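Participant: pasted the sequence and its predicted model underneath.
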Amino acid sequence: MRTLASAIAALKKELGRDLCIMGHHYQNDRVVAHCDITGDSLELARQVPGIEAAHIVFCGVYFMGESAALLAKPGQAVHLPDPAADCMMSLMSPAGLARRVLEQLTATGRRIVPLAYVNTTLALKAVVGEYGGAVCTSANAETMLRWALERGDGVLFLPDKHLGRNTAEKLGLAPEDQHILKVSGQGLAEPESAFLGRPLLLWPGCCAIHARFTPAQVADARAAHPGCRITAHPECRPEVIHACDAAGSTSFLIKDAARLAEKAPGSTLIIGTENNLVARLAARHAGRCRILPLGRAFCPDMAKVTEEKLSATLSAIARGQAAPLQVEAALCEPARLSLTRMLEACA
C-alpha cells in the first residue's frame, strides 16, 4: 500500500523546481518532514523573495500564507493546505476597529506609529502601512519597537500585549510609560483617558497558547527538576518570563537548546512554547540533553495542516486544479509596505 509520505515524495519529484514547500516550526513532524524550508515567521518571510518556484505551498496558518503572497514574485502562486487554519491572535485586532482607534489617537495631534505583530491579517497590515507603521516578529520586536519609537510621539503595538510589554522592558520602558488600551466595538472605550498620552499603547490581545503558561508551572518545574534551565517564548505573560532563565523567539529557543546540549550535556531544559517544537527539539538532542515542555500547549490551528491535506494540495497542483490564495488587490500595496519596512530595518 502506498503511504502518504511516498505519495508526497513522488509528487515533489514530479513537480520538481516548480514547487517549494515552506513550513513553520509549530507544524507536526509528519508535515515538517516534507518541507524544503522551515523557520519562524521572520525566517520564512526573508526566504520568500528568493524563491523561484512557480508554486509555494505554505504549511502554516492563514496570515503566514498572506504574507508569503505579498512577498512572492508576480505570477507565483501561494497555496495553503488548509485555508481554515487561522490564528486566534490575528482575529483579536480587526482592521476596521484598529483604524478607528488610530483615528481617535491621531485626532489629538499626536503622531502615533502602529507596530503590528506579524500574527495579523492582511487588512490590518494594510492599515498599519497606511499610517506609516511596520510589522514585527518575536525575533525582531526589540529592533522594530525602537524603530517605531524613533518615528513618532507614540507607538500603538498590536495585537499581543504580552510581547509588547516584554519587549518594552528590554528597551528600558517603565510600566508608567505603557498603557493597555480598553477597546469596544466602536473604538476606544476611554477616549478621554490621560493614559493615552503614554509613549507605548498596547492592544489588548494575546496568544491563547502561550498565555496559558503560569509562574506556578515554572515553580513546579524547578521543584521537579532541580538545576534545570527554563526558557519561554515572549508571547508568555511577563510574570512567566520573569520566572524563567531566558526568553526569546522560536529561533532563539532552538539555538539555546543546541547550545545547552553541546555545552552542558546531561542538563535538563524546560521550554514554554508550542509542544510540537519542544518534542522535535527533545528528539534532536536525545542522549545529550533532556528537553521537556513547561506545560501542554498545542496550537489547534497549526494542527489543521496535515500530511493528508498537503498530499491533496500537491495532487491538485500537479493536475492544474489547485486554487491559490487570493489576496485583495487594494490591500496589497499598503500591506506590503508594512512588511518591507520591517525587512529593510532588519536587513
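Facilitator: Structure received. Not measured: the values here are computed from a predicted model.

Participant: need the helices for the stretch 1-150 of the chain, in chain order.
Facilitator: Secondary structure of the stretch 1-150 of the chain, counting by DSSP state H, counting those that start in this stretch: helices at 4-15, 29-32, 41-47, 62-71, 95-106, 122-130, 141-149.

Participant: got it, and the stretch 201-347 of the chain?
Facilitator: 215-224, 238-243, 250-263, 275-284, 307-319, 329-345.

Participant: could you check the angle helix 122-130 makes with the last one?
Facilitator: What that stands for is helix 329-345. Put simply, helix 329-345 runs at 60 degrees to helix 122-130, going by axes from the mean of the first three to the mean of the last three CA atoms, to 10 degrees.

Participant: what residues of helix 329-345 count as buried?
Facilitator: Within helix 329-345, the residues that count as buried by 16 or more other CB atoms under 10 Å are 331-332, 334-343. C-beta coordinates here come from the backbone N, C-alpha and C atoms, glycine included.

Participant: and that helix, how far out from the chain's middle?
Facilitator: Distance, stretch centre to chain centre, for helix 329-345: 16 Å (CA atoms, centre = their mean, to the nearest Å).

Participant: alpha carbons only: can I get that helix in PDB?
Facilitator: Taking Å, rounded to 0.1, in the frame of the first residue of the first chain, the C-alpha atoms of helix 329-345 are listed here in PDB:
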ATOM      1  CA  ALA A 329      -5.600  43.800  -4.600                       C
ATOM      2  CA  ALA A 330      -6.400  47.200  -2.900                       C
ATOM      3  CA  LEU A 331      -4.800  46.000   0.300                       C
ATOM      4  CA  CYS A 332      -1.600  44.700  -1.200                       C
ATOM      5  CA  GLU A 333       0.500  47.900  -1.600                       C
ATOM      6  CA  PRO A 334       0.000  49.300   1.900                       C
ATOM      7  CA  ALA A 335       0.300  45.800   3.500                       C
ATOM      8  CA  ARG A 336       3.500  45.200   1.500                       C
ATOM      9  CA  LEU A 337       4.800  48.500   2.800                       C
ATOM     10  CA  SER A 338       4.400  47.300   6.400                       C
ATOM     11  CA  LEU A 339       6.400  44.100   5.600                       C
ATOM     12  CA  THR A 340       9.100  45.700   3.500                       C
ATOM     13  CA  ARG A 341       9.700  48.300   6.200                       C
ATOM     14  CA  MET A 342      10.400  45.500   8.600                       C
ATOM     15  CA  LEU A 343      12.700  43.700   6.200                       C
ATOM     16  CA  GLU A 344      14.600  46.900   5.400                       C
ATOM     17  CA  ALA A 345      15.000  47.800   9.100                       C
END
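
Participant: quick one: it to helix 62-71, angle?
Facilitator: Between helix 329-345 and helix 62-71, the angle comes out at 90 degrees (the same axes, to 10 degrees).

Participant: contacts only, for the nearest residue to residue 332 once chain neighbours are set aside.
Facilitator: Closest residue to residue 332 in three dimensions, ignoring its sequence neighbours and counting by CB to CB, 6 or more residues apart in numbering: residue 70, at 6.2 Å. Residues in contact with residue 70 (CB atoms under 8 Å, 6 or more residues apart in numbering) are 122, 125, 327, 332, 335-336, 339.

Participant: how far away is residue 70 from residue 133?
Facilitator: The gap separating residue 70 from residue 133 is 15 Å, by CB to CB, to the nearest Å.

Participant: break this protein down into its domains, please.
Facilitator: 4-85+302-327, 90-207, 210-293 (automatic domain parsing).

Participant: okay, now the unreliable bits of the chain?
Facilitator: Low-confidence segments of the chain, defined by pLDDT under 70: 1-2.

Participant: and the domains of the chain as a markdown table, adding distance to residue 347?
Facilitator: What follows is these, written out as a markdown table (distance: least, CB to CB, whole Å):
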| stretch | distance to residue 347 |
| --- | --- |
| domain 4-85+302-327 | 9 |
| domain 90-207 | 11 |
| domain 210-293 | 17 |
